[in-house]
Structures are given as structure tokens and as C-alpha cells.
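Enquirer: no sequence for this one, just the structure:
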């Protein structure tokens, strides 16, 4: 019987142990997609207690606490931070088999040196020990990033964002991690939603121009892409809650846009035409600027109407969609490729049923002398756990080139969630190590070392081509 989460946690054979400890463990982190706050990095925020650092905004933990019958006031409500921490301690023992159980204890071990198991009996002592460390300067936001050996962070930013905090971070010459924006124009594509009106007004103000036609709208988006590029952005991101493709002429989309501005009700087909034309236009711009385009597919958001009214979005009430994505996704990519304007693209699916869809879709659009031009993104959201990661990697290996994979991302709002990279790296090394043990891969350290180091870090450096 192995000791709980010891040095060889998730490493179940000698080759895996060798690969991880010799090659993967000390590799830097390239966090090309996350939801960290640039403002908190810029101000080098000091967290008042472990609850503020750990539980604030973490909808993974919120979902588990609700499932454990914890009252909402101890999750997102008016209870004090100590009470909320104790509610989490009461829940964690129920999380055995859930990645939260491993993530929680990895974070306690790696950042706080605490190897005790969190439960109701140990919670008060762990609360005090964590909070004492959080008083130190090296436990501020920047210190936590440095402890994690992170070289690049790409945040998630709306086109109307001023990016003022990214600029301030860049001015800090002592802080060596690059923190760059990512262009996330979801609110600008979701023309059917009420929030589109206020967002369009924000876009108009930040661009200092009137937006009364679709052509002017595209010009405003051009303006923001150019601005983001100047601040260092090299990546875009789209959440495609419905993957659809409906061709339209510019004249049609002009009329659709005008109809929306005049408070007309758009049909589903009109919405699809607007989104298709706009996404295609943006894809060409990304290619022009040599950006990477990310497409996140398969989320069914805000399922609980009552709780959405109380808490808004990103509060733990999203789940996996089961829409068919193959044909519309193919047409999205093909429309850009036909004009030789498909940028480097990363495809993420939230539903693991689509792993083989994505795994085979990649091969349709590779080329251009770019290794791994179209990527199968790491196990995302509900899939960034051991089984999800292994399923994604084995699908990629079976249908494409695992050796070209750009690896793990954090996709988190927490400054101590970088242990997910360790969790991923251990899983990767165990997968490759087992192939060696089973005689499916030759035991030759040089190529295995290259493969592990490339997936952990080097492939991302080469793929995103951001000067370090």
C-alpha cells in the first residue's frame, strides 16, 4: 500500500517515476489560458486569509459544498471567512474520488508545507498555519506566481478592457513573469442577449467612435485587436456555447445588425449568420496578426434560473452540453482554410464524447509547415482531472501527435492552482511510463526526456512564439 500523496503520487511504475522526477518536475510553467485577475497581480495583493485565497470565486468548491448540503450563506453568502473555511473542511472528506480532494492537499503541501489531511478535526490548526504564512510578502500574488515557476500568464480579457493593469505589471522590472492579455470577445458575438446593448456602448466609448452600422462595428473590433496587440496580446479565445455555421453575405449581416440596433427580434438563423460572419472575420484578423485562436466548446451555462438571478454567472451552475459539433466546426475551420487564413487554433471540448471528433478534426487542417498547427486542448473544466486528462491524451496520441501537444493550462482564478500542472505532469509521465512497461514504447531516455519536456513547456514556447 502506497503512502497518501507521497513523492510518487500518481506514478505507478519505475519509468514514470524517473520521467517525472528527472525531467518534468522542475520544468517552468507556461500558463496560456487562465482567469487570474491582472489587477490583483498588479497590486501584488496580500490575502487576508486562506478563505479569500482559496474559496473566493472557486465554483468547483462551491458545487461540492452545495452537494454536501452546506447552506449558501457559508458558500457565497454573509458567513464570515472562518465559517466558510470550516464548511469547506466539513466537505472535503466527502470529496474522495473527486480531483478537489487531491488539488486541496497538493496546494496545502506545496505552498504551505502542510501534510496533514484537511478535515473538521484539523481545520482550525490548518486555518491558523495558512493565515500566518499569508502575512509574509512572498505569499502575495506575485510571490505565489514566482514560487510556482511561471514564465508566462495569459489572462482572459474583454475587448473593452483598458488593459491598464497589464501595463502596470510590465513596468515592474523586478517581476520576471510575462502577464499578457487574451482577446475574449464573447459579449460581442452574443448579439441575441440583452447585455449586447450596454457592451456595444462600452465599445463605442473606448474606441471613441459611433457604431451605427456593422461595418463600423467591425472597424471598432479592428481597433481593439490592434490595441491588444500593442499591449502584448497574441492569443484570442471564444466560448462557443452553440457551435453553428450559417453563411451570409455582408449585406445580410448589415441588415441583421441594423435590425438589432433598432430593437428588432432576431430569428435563430439571423443570430447564426451574424456569429458565423463575425467569427470568420475575426479569424482572418487573428491570422493577420499571427495570433493563436482558441475555441472552447460544449458548455451549457446558467442552468439554474433561480440561482442565476441571485448570484449571476460563473457561480457553479454550468454543466456539459451534448450538442453535435462535428459538421459546424468543420465548416468554421474550412471557411478560413479555404482562403488560407486559418490561424493556429486550439480546440477544447467539454464533453468527452467529442474527444475523437476533435482528435480526427485536427488532421483535416494541419500543414503550412507548422507542427501541430491545430491543437487538441488539454482536458478542460470538468475534464481537468486524472481520467479526463488521460482520455484527452490517449485520444490525441491515437489519432494525432501527442509529441506536438502544447500541454496543460490552469484555467483558474486561484493563485495557488498551479499544482494542477504537477497533477497533469504526473499523469503524463505515468501514461508514457506504462506504455514503456507494457513494451509499447522503447525504453530510451533521450527521446522520452524530449517528449516530456516538450509537452510540459517547450512546445508552448514554440507554438505561441512570445518573446520571453
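Expert: It's in. These figures come from a predicted structure and were not determined experimentally.
Enquirer: what's the pLDDT at residue 148?
Expert: Among the per-residue scores, residue 148 shows a pLDDT of 97.
Enquirer: typed the wrong thing, it's residue 315
Expert: The model's pLDDT for residue 315 equals 89.
Enquirer: Run a quick neighbour tally on the residue nearest to residue 47 when sequence neighbours are not counted.
Expert: Leaving aside its sequence neighbours, residue 47 sits nearest to residue 53 (Cβ to Cβ, 6 or more residues apart in numbering; 4.1 Å). Using the backbone N, CA and C atoms, a C-beta is placed for each residue, glycine as well. The tally of other residues near residue 53 (other Cβ atoms under 10 Å) stands at 23.
Enquirer: so who does residue 53 touch?
Expert: Counting by Cβ atoms under 8 Å, 6 or more residues apart in numbering, residue 53 makes contact with 47, 134, 414, 415, 416.
Enquirer: Generate JSON lines for those residues, with distance to residue 176 as supplementary columns.
Expert: Below are the contacts of residue 53 laid out as JSON lines (distance: Cβ to Cβ, whole Å):
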{"residue": "47", "distance to residue 176": "22"}
{"residue": "134", "distance to residue 176": "22"}
{"residue": "414", "distance to residue 176": "21"}
{"residue": "415", "distance to residue 176": "16"}
{"residue": "416", "distance to residue 176": "19"}
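Enquirer: what's the closest of the residues you listed to residue 196?
Expert: Nearest to residue 196 among these is residue 414, at 30.3 Å by Cβ to Cβ.
Enquirer: How many residues are close by that closest one?
Expert: Residue 414: 23 neighbours (other Cβ under 10 Å).
Enquirer: I'd say it and residue 58 touch.
Expert: Yes. Counting by Cβ atoms under 8 Å, residue 414 touches residue 58, with 6.2 Å between them.
Enquirer: and for the two, which residues touch both?
Expert: By Cβ under 8 Å, 6+ apart, no residue touches both residue 414 and residue 58.
Enquirer: what ranges do the strands span in this protein?
Expert: Per DSSP state E, the chain carries strands over the ranges 29-31, 150-154, 178-180, 235-240, 292-297, 299-300, 319-320, 344-349, 374-376.
Enquirer: I'd like the ones you listed laid out as a markdown table, including distance to residue 272.
Expert: Converted to a markdown table, the strands of the chain look like this (distance: least, Cβ to Cβ, whole Å):
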| stretch | distance to residue 272 |
| --- | --- |
| strand 29-31 | 33 |
| strand 150-154 | 29 |
| strand 178-180 | 32 |
| strand 235-240 | 12 |
| strand 292-297 | 15 |
| strand 299-300 | 18 |
| strand 319-320 | 22 |
| strand 344-349 | 20 |
| strand 374-376 | 23 |
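Enquirer: Pipe the ones you listed into CSV and attach distance to residue 88 and mean neighbour count per row.
Expert: Shown next, in CSV, are these (distance: least, Cβ to Cβ, whole Å; neighbours: other Cβ atoms under 10 Å):
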stretch, distance to residue 88, mean neighbour count
strand 29-31, 25, 26
strand 150-154, 25, 22
strand 178-180, 29, 22
strand 235-240, 28, 22
strand 292-297, 28, 24
strand 299-300, 25, 18
strand 319-320, 22, 16
strand 344-349, 28, 25
strand 374-376, 33, 25
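Enquirer: Looking at those strands, spot the one closest to residue 94.
Expert: Of all those, strand 319-320 comes closest under Cβ to Cβ, at 19.7 Å.
Enquirer: Wait, residue 170 touches residue 232, no?
Expert: Yes. Between residue 170 and residue 232 a contact is recorded at 7.5 Å, counting by Cβ under 8 Å.
Enquirer: For the chain, spot the helix or strand the model is least confident about on average.
Expert: For the chain, counting by mean pLDDT, DSSP states H and E, helix 305-311 ranks last in confidence among helices and strands (a mean of 93).
Enquirer: which outside residues touch that one?
Expert: Applying Cβ under 8 Å, 6+ apart, the set of residues contacting helix 305-311 is 76, 302, 315, 317.
Enquirer: Name the nearest residue to the third one, sequence neighbours excluded.
Expert: Spelled out, that is residue 315. Counting by Cβ to Cβ, 6+ apart, the residue nearest residue 315 is residue 59, at 5.9 Å.
Enquirer: Give me the neighbour count for that neighbour.
Expert: Residue 59 - counted by other Cβ under 10 Å - has 17 other residues nearby.
Enquirer: That one and residue 314 touch, don't they?
Expert: Yes. Under the criterion of Cβ under 8 Å, residue 59 makes contact with residue 314 at 6.1 Å.
Enquirer: follow-up on the earlier one: which of the contacts of residue 53 has the largest number of neighbours?
Expert: So for the contacts of residue 53 (other Cβ under 10 Å), the most neighbours sit at residue 415, 27 neighbours.
Enquirer: phi, psi of it?
Expert: Main-chain dihedrals, residue 415, degrees, to the nearest 10: phi -80, psi -10.
Enquirer: Residue 98 now?
Expert: For residue 98, the backbone dihedrals (degrees, to the nearest 10) come out as phi -100, psi 140.
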